[in-house]
Every structure is written in C-alpha cells, then in structure tokens.
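Student: sequence first, predicted model second:
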Amino acid sequence: MIRLLALLLVLANGVYFAWSHDLLRAAGFGPEQQSEPQRLAQQIKPQELQLLKIAPGPLRAAPAAAAATAPAVPASGAASAPAGPG
C-alpha cells in the first residue's frame, strides 16, 4: 500500500515538473503564460534604478545593542507581584 502511494507521488511530481517546464505544451497542456506589457510601458526611467549596498560594520549591530540595553518590562502586573503566603 505504501509502495503504491510512493509510486503515485513520484508520478504526480513528474507530471507537475513536465507541466511547469512547458514539456506538455505541445500536447495542449501547460501553465498560462503571464505577461504584463502595460506595466513595462508605465515604467519611468528604469535605467535610472540603482541598487545600494548596506554598509558593513557597526550600523548592522546597532539594533541588537539597543535591544540589549533596553530595560525589561514584565508582561503583566501579576507576574511582578511578590508571592505571599497563602
């Protein structure tokens, strides 16, 4: 029973792989082609886009240091109340 299930899963994975890589398009099957030419036409100066690098060093460690120096606040008043007899 488990062998049959494993075989069906492998077969289903193979069919999905073939479908998603357009190997079944000749037979009339395949994912719908997605394109958005209107979005490409709406772009304003895409060649002006610049990717900036994050500066290494202390700037990346600053949030962790600020969190370590922040005072601890109890979640509720009951947790900070001293335990009394009773």
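Tutor: Sure, I can see it.

Student: low-confidence ranges in this structure?
Tutor: 58-86 (pLDDT under 70).

Student: show me where it has helices.
Tutor: 2-20, 37-42, 58-69, 77-80 (DSSP state H).

Student: hmm, who's touching stretch 23-38?
Tutor: Phe17, Ala18, Trp19, Ser20, Asp22 (CB atoms under 8 Å, 6 or more residues apart in numbering). (C-beta placed from N, C-alpha, C; glycine too.)

Student: now, among those residues, which is nearest to Lys53?
Tutor: Nearest to Lys53 among the contacts of stretch 23-38 is Ser20, at 34.0 Å by CB to CB.

Student: count of residues packed around the closest residue to the closest one other than its chain neighbours?
Tutor: Spatially, and ignoring its direct neighbours in sequence, Ser20 is nearest to Pro31 (6.3 Å; CB to CB, 6 or more residues apart in numbering). Neighbours of Pro31 under the rule other CB atoms under 10 Å: 11.

Student: how near is Pro31 to Asn13?
Tutor: 16 Å (CB to CB, to the nearest Å).
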